[in-house]
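Trainee: I would like the atomic coordinates for the input below:
(chains A, B, C, D, E and F)
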There are 6 protein chains.
Amino acid sequence: MTLARHWSANPEGSVLVEFGATRVLCTASVTEGVPRWRKGSGLGWVTAEYAMLPRATNSRSDRESVKGRIGGRTHEISRLIGRSLRACIDLKALGENSIVLDCDVLNADGGTRTAAITGAYVALHDAVTWMAGRKMLGGRTVEKVVHRSVAAVSVGLIGGEPRLDLCYTEDVAADVDMNIVCTGEGDFVEVQGTGEATVFGRAQLDALLDLGVAGCADLAEAQRKALSA
Amino acid sequence: MTLARHWSANPEGSVLVEFGATRVLCTASVTEGVPRWRKGSGLGWVTAEYAMLPRATNSRSDRESVKGRIGGRTHEISRLIGRSLRACIDLKALGENSIVLDCDVLNADGGTRTAAITGAYVALHDAVTWMAGRKMLGGRTVEKVVHRSVAAVSVGLIGGEPRLDLCYTEDVAADVDMNIVCTGEGDFVEVQGTGEATVFGRAQLDALLDLGVAGCADLAEAQRKALSA
Amino acid sequence: MTLARHWSANPEGSVLVEFGATRVLCTASVTEGVPRWRKGSGLGWVTAEYAMLPRATNSRSDRESVKGRIGGRTHEISRLIGRSLRACIDLKALGENSIVLDCDVLNADGGTRTAAITGAYVALHDAVTWMAGRKMLGGRTVEKVVHRSVAAVSVGLIGGEPRLDLCYTEDVAADVDMNIVCTGEGDFVEVQGTGEATVFGRAQLDALLDLGVAGCADLAEAQRKALSA
Amino acid sequence: MTLARHWSANPEGSVLVEFGATRVLCTASVTEGVPRWRKGSGLGWVTAEYAMLPRATNSRSDRESVKGRIGGRTHEISRLIGRSLRACIDLKALGENSIVLDCDVLNADGGTRTAAITGAYVALHDAVTWMAGRKMLGGRTVEKVVHRSVAAVSVGLIGGEPRLDLCYTEDVAADVDMNIVCTGEGDFVEVQGTGEATVFGRAQLDALLDLGVAGCADLAEAQRKALSA
Amino acid sequence: MTLARHWSANPEGSVLVEFGATRVLCTASVTEGVPRWRKGSGLGWVTAEYAMLPRATNSRSDRESVKGRIGGRTHEISRLIGRSLRACIDLKALGENSIVLDCDVLNADGGTRTAAITGAYVALHDAVTWMAGRKMLGGRTVEKVVHRSVAAVSVGLIGGEPRLDLCYTEDVAADVDMNIVCTGEGDFVEVQGTGEATVFGRAQLDALLDLGVAGCADLAEAQRKALSA
Amino acid sequence: MTLARHWSANPEGSVLVEFGATRVLCTASVTEGVPRWRKGSGLGWVTAEYAMLPRATNSRSDRESVKGRIGGRTHEISRLIGRSLRACIDLKALGENSIVLDCDVLNADGGTRTAAITGAYVALHDAVTWMAGRKMLGGRTVEKVVHRSVAAVSVGLIGGEPRLDLCYTEDVAADVDMNIVCTGEGDFVEVQGTGEATVFGRAQLDALLDLGVAGCADLAEAQRKALSA
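Mentor: The predicted model follows:
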């Protein structure tokens, strides 16, 4: 797992995450104002959009812009990333400003959504640091505003065995597929486990949770290092 | 929880689920053929579409047909229902035929997606029984084809307390919101827990899982009764 | 013909119309404000949206939300319902508020648009009564504001014979198809006669009009009874 | 009323209708094949599309192509024109071929839909004559295939008085608005009367029908002359 | 080349251009206000929309409104026309008002985009004259505001020979296709040369430019005559 | 100008072009089959899609997938890239296979369309080499199939002075903006010059063409080096 900060010149935060052959460009854009339904609340907003380049995958898929609509999977992942990142930030401190996290998969080999969350956290941190430099946090420190770190892993059961960080071919073969989003302190932000090929019992669920929590702890350490570099 | 079977005249299976003030019409439509990507596989397909009438909710929202696009929440729930129902059926037994589960919320007061899953299972069972009557199952019995039951509940943490079956006002107040889909045998099909307002520890997760499993067991019993009526 | 009032918990008016196997849920939603082109006029607005659940019909059709566009038939019927209901209400009395009539066909067996108009009138009446209870009518009585009743029937020529209330199979067989919308006093609000399979002379048109006016009078009576129950 | 035949070089039939300041270009395109739902029936198809140039009207309106969707009024009129023209042709004689009638309003001053029907009939007749020249009618004569003529007028009640051929300012002022489509023999193809501003009694309806039938007879004569020129 | 001014009754400027069998209706609509991104600038705006009637071409194509999206070619030509016409007008003189140029191809036989530019110039001139009559130019003369004329031709290489004004069959056969937009003084506004079938050298480019400049000079003369008639 | 080949793991050809702060990822995907209108011709097809990440630019813009439609600029550039690349390849040699060139701008600072063409050529060459390795070229060599190289530059007039390779701030300031696409032999594939802010004379056009041809020659040399590395 590599987290290359300041990868792009234009955004306030930008991180290229590499994780095996998976490569996701996470940018954080600070924009004035908040969505209409939030106006007058005094609160900021953090949202995310996930997308794949057409040839990120093994065979080319049509662009969603060409199809004229966003698919269910894209929507679902964008919402997951947004919820996860909102868990680590004090929205009041942003004032009525928004941060948009764009997570674009340049090349895909499994675990793109969890890589996106892990990288977006670092890009978000950089964007808040940028805001601090412009005195946009009402005197609060970056650590006060981004009060937790957030990282995510995918785990799965393959042939009954719990496994961390499935690549694409393992992911396809997995009986149970689980995404776990944790804070740097090891609490859960989101837990999503699906057993389309099979169902799973409580003992298996527990083993997957253990493995996921440990995986997230390692990523939290990598994020700390990247941010202090 | 009421499960009124054969509610509509036209579909092969149709169930009106009532759960407090929540009312969902679940219909199961048997259609010839499968989606393009599945042709030639010899396997059938089960898919679901979830929607809300514009005034199912407390204030009217615009129709997605008028907006010209389906929202992220609709997509996400439709996919969840489809995955959950595919866990209880032998797709090979359907031949290259599809069953579409339409879950339309007529009135909403919390728990619409879990009510939809619980009702859709009964509608699916009726549709497969209809197929059996037409000799469309290759000699298999309905119980062989629908080899498990599936039911779902929502649980949440309110003021730190685990609670089953949140109505709309409780749902809004919940710190952690969790949907649990179980088989009649008590295994997990899907587990989705989200803590947007807060994060949660392993002990809280365990308490929510216990409560959810017990709730699903009660619903499985209600489904058995409805199907034997 | 059954008109079940207060069928849904959330809307200001809601009526489940049953007419043979046809079942339409008509809800009336009171919303603040009027469309942009009407702002500043001091007048209210009444509009309608008609839709069918995908499996209301004998074979499943795709959702218009999934297709991303509303079909010609849906548009045409929505406009007819809106025009018909605006004929029975004093729009000035609403102030700059709107009432949206949603007519969703849950099961279809002919005559869905005329059932929708007939039910929507009752839902509209209940919504205006709700407004009266909130002192939103500027001191006017409900009867002053909803100054007429409106009901609709379909009539047709089958084998040269005029027939009232065609079910789906009769509708398909009809040579001439006519929708008649009348007030409780027997005046016309709208007359639409189409002879795709054949043309028709003045005598036949007169016979259809006679039959339709009589059918509307029966429905007006049923509406009166339902509203006084 | 002017009917200028062969106005455009490319289509099989093309007529520029002028009616006061209203100007509609009606083209008839013969295309191989029929819509999917009609394949294998051995029958042809006739359909119509109505549209307005953005500045046909007094103030410019946005293009429907730019808005990305077709409005309700456009749909409704296109369907009316298609139904009306199908009443005058033997679809079996076309074989599995289609004729598309495009009615584009170049300048609008009331009565565009009825002018479109009246002009489209002449364009359709020319297209069928073109087919006859290519031996595409299975030996039938043009008169056998286009076995009736069809024309349309708009009538209305203004201040209680029945009036023929309303221009735009009259149309806006009318209490009742009616479109009448008749054959050359004086039978009805379609009757649509709407009283948004008021309701109307049987006597008024009868007066409007009389006026409309007489107006259609004059147009039928003009069509005969144009086609024999 | 014919330029028929005042062809339509409603628009502020309207010109029917005929050029061989090509026929384009160019209308200029004066509308209050400017696009959102230009508000508060004190400057006006000129924009263009190009479209083809479905049967302008040899075989019928689907309407872009029916397809629900505008194609690449339409976008590209609309942008070209808009840019070209903005080159001849003082946008400051318009105040915060817009002129929309709609160029609708009624019949096509090559050179539709260059005919559209040539006709749109005349329609624009008439619209500005209309504004002058309403004292909307802040005391400036029309000649001061429309300070240049603009015309366009298409040229091409056919069998190595430079040719002016290609009709449809020549256009298809051309090795190199070039559109040249010039002012009445012979300066360039836009030059677009494409060699899809082959590439081209500097000498060939020079020959095409010479031919195009001469062709534009003839059109500028025709525009002057039309405007002084 | 850097051309990093094999940048992504999945596509048949992939090049990251860097040009100042501009960064474009060009991938070439070999897909079986050709568009419908080309089937049965025995010829292959090359097409391109250009897009920008939402935060490639200085301020974030909405995704075209979210807006549900592709803008005019995107269409225009995609078509330009496609035409340019088709000029360098023998489409017959591909058989009925397609190569799709996806040019996604990761960061933008002027000249993105010309950088895209220059990089897409190298990606296309790599994809054809991949096809050669799979014996998909009917025994032809790569040099026979990709029989020319193609590169592009942007030039402009700033304050009357011709300038090569404008960055974003220069581009905005330019009076005349020109894109020139040349072959490695110095012939023209496409010439597009626009003078929105001003018009330009023949001498200025000639100076821009000279500068552009020289710039393309340098890029052709860089392409040769990259491909022989």
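
Trainee: what's the first helix or strand after the lowest-mean-pLDDT helix or strand in chain A?
Mentor: In chain A, no helix or strand scores lower on mean pLDDT, DSSP states H and E than helix A:168-173, which sits at a mean of 84. Counting by DSSP states H and E, the next helix or strand C-terminal to helix A:168-173 is strand A:176-183.

Trainee: please name every helix or strand in contact with that next one.
Mentor: helix A:72-86, helix A:112-133, strand A:150-158, strand A:188-194, helix A:202-228 (3 or more C-beta pairs under 8 Å, 6 or more residues apart in numbering or on different chains; DSSP states H and E). All C-beta atoms are positioned from the backbone trio N, CA, C, and that covers glycine.

Trainee: how about the ones you listed in CSV, adding distance to residue E:58?
Mentor: Listed next are the helices and strands packed on strand A:176-183 as CSV, based on distance: least, C-beta to C-beta, whole Å:
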stretch, distance to residue E:58
helix A:72-86, 41
helix A:112-133, 48
strand A:150-158, 55
strand A:188-194, 54
helix A:202-228, 62
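
Trainee: what's the closest of these to chain D?
Mentor: helix A:72-86 (19.8 Å; C-beta to the nearest C-beta).

Trainee: rewinding a little: out of the helices and strands packed on strand A:176-183, flag the one nearest chain F.
Mentor: Of all the helices and strands packed on strand A:176-183, helix A:72-86 sits nearest to chain F, with 7.9 Å by C-beta to the nearest C-beta.

Trainee: for the least confident helix or strand of chain A, list the C-alpha coordinates in CSV.
Mentor: Below are the C-alpha coordinates for helix A:168-173, written out as CSV (Å, rounded to 0.1, in the frame of the first residue of the first chain):
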residue,chain,number,x,y,z
TYR,A,168,-9.9,-9.5,-8.2
THR,A,169,-9.7,-13.3,-8.8
GLU,A,170,-10.0,-14.1,-5.1
ASP,A,171,-12.9,-11.6,-4.8
VAL,A,172,-14.8,-13.5,-7.5
ALA,A,173,-14.1,-16.8,-5.8
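
Trainee: what's it packed up against?
Mentor: When contacts are defined as 3+ C-beta pairs under 8 Å, 6+ apart, helix A:168-173 packs onto strand A:150-158.

Trainee: so for residue F:112, which of the helices and strands packed on strand A:176-183 sits nearest?
Mentor: The closest of the helices and strands packed on strand A:176-183 to residue F:112 is helix A:112-133. By C-beta to C-beta, the value is 22.4 Å.

Trainee: now the following helix or strand past that closest one - C-alpha only, PDB.
Mentor: Next helix or strand after helix A:112-133 toward the C-terminus (DSSP H and E): helix A:142-145. The C-alpha coordinates for helix A:142-145 follow below in PDB (Å, rounded to 0.1, in the frame of the first residue of the first chain):
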ATOM      1  CA  VAL A 142      -6.600  20.500  12.000                       C
ATOM      2  CA  GLU A 143      -6.500  17.700  14.700                       C
ATOM      3  CA  LYS A 144      -9.500  19.100  16.400                       C
ATOM      4  CA  VAL A 145     -11.400  19.200  13.100                       C
END
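
Trainee: list the buried residues of helix A:142-145.
Mentor: A:142, A:145 (16 or more other C-beta atoms under 10 Å in any protein chain shown).

Trainee: can you name every helix or strand that it contacts?
Mentor: helix A:112-133.

Trainee: what angle do the helix it packs on and strand A:188-194 make?
Mentor: 160 degrees (axes from the mean of the first three to the mean of the last three C-alpha atoms, to 10 degrees).

Trainee: stretch A:99-112 near chain F at all?
Mentor: Yes: applying C-beta under 8 Å from any C-beta of the partner chain, one finds stretch A:99-112 in contact with chain F at A:100, A:102, A:104, A:106-109.

Trainee: just the buried members of those?
Mentor: Judged by 16+ other C-beta under 10 Å, buried ones among the residues of stretch A:99-112 next to chain F: A:100, A:102, A:104, A:106-109.

Trainee: could you dump the residues you listed to JSON lines with pLDDT?
Mentor: Output for those, formatted as JSON lines (pLDDT from 0 to 100):
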{"residue": "A:100", "pLDDT": "98"}
{"residue": "A:102", "pLDDT": "98"}
{"residue": "A:104", "pLDDT": "98"}
{"residue": "A:106", "pLDDT": "98"}
{"residue": "A:107", "pLDDT": "97"}
{"residue": "A:108", "pLDDT": "96"}
{"residue": "A:109", "pLDDT": "94"}
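
Trainee: returning to that earlier point: which one, of the helices and strands packed on strand A:176-183, ends up nearest to residue F:199?
Mentor: That would be helix A:112-133 among these, by C-beta to C-beta, at 42.9 Å.

Trainee: in the closest one, what's buried?
Mentor: A:112-132.

Trainee: list the contacts of the spatially most central residue of chain A.
Mentor: Nearest to the mean C-alpha position of chain A, by C-alpha atoms, centre = their mean, lies residue A:117 at 1.1 Å. Neighbouring residues of residue A:117 by C-beta atoms under 8 Å, 6 or more residues apart in numbering or on different chains: A:80-81, A:84-85, A:150-152, A:181.

Trainee: what of residue A:192?
Mentor: Residues near residue A:192 by C-beta under 8 Å, 6+ apart: A:80, A:178-180, B:191-193.

Trainee: out of the residues you listed, who's nearest chain E?
Mentor: Taking C-beta to the nearest C-beta as the measure, chain E sits nearest to residue A:80 out of the contacts of residue A:192, at 29.6 Å.

Trainee: picking that back up, got the buried residues for the least confident helix or strand of chain A?
Mentor: By neighbour count with 16+ other C-beta under 10 Å, helix A:168-173 contains the buried residues A:168, A:170-171.

Trainee: leaving out chain neighbours, which residue sits closest to the residue in chain A positioned nearest to chain C?
Mentor: Here chain A gets closest to chain C at one residue, residue A:69, 6.3 Å apart by C-beta to the nearest C-beta. Spatial nearest neighbour of residue A:69, chain neighbours left out: residue B:69 (5.6 Å); criterion: C-beta to C-beta, 6 or more residues apart in numbering or on different chains.

Trainee: got it, and residue A:140?
Mentor: Closest to residue A:140 by C-beta to C-beta, 6+ apart is residue A:93, at 5.0 Å.

Trainee: contacting residues for the one you found?
Mentor: The contact partners of residue A:93, by C-beta under 8 Å, 6+ apart, come to A:44, A:137-138, A:140, A:144-145.

Trainee: show the pLDDT at it.
Mentor: pLDDT, residue A:93: 96.
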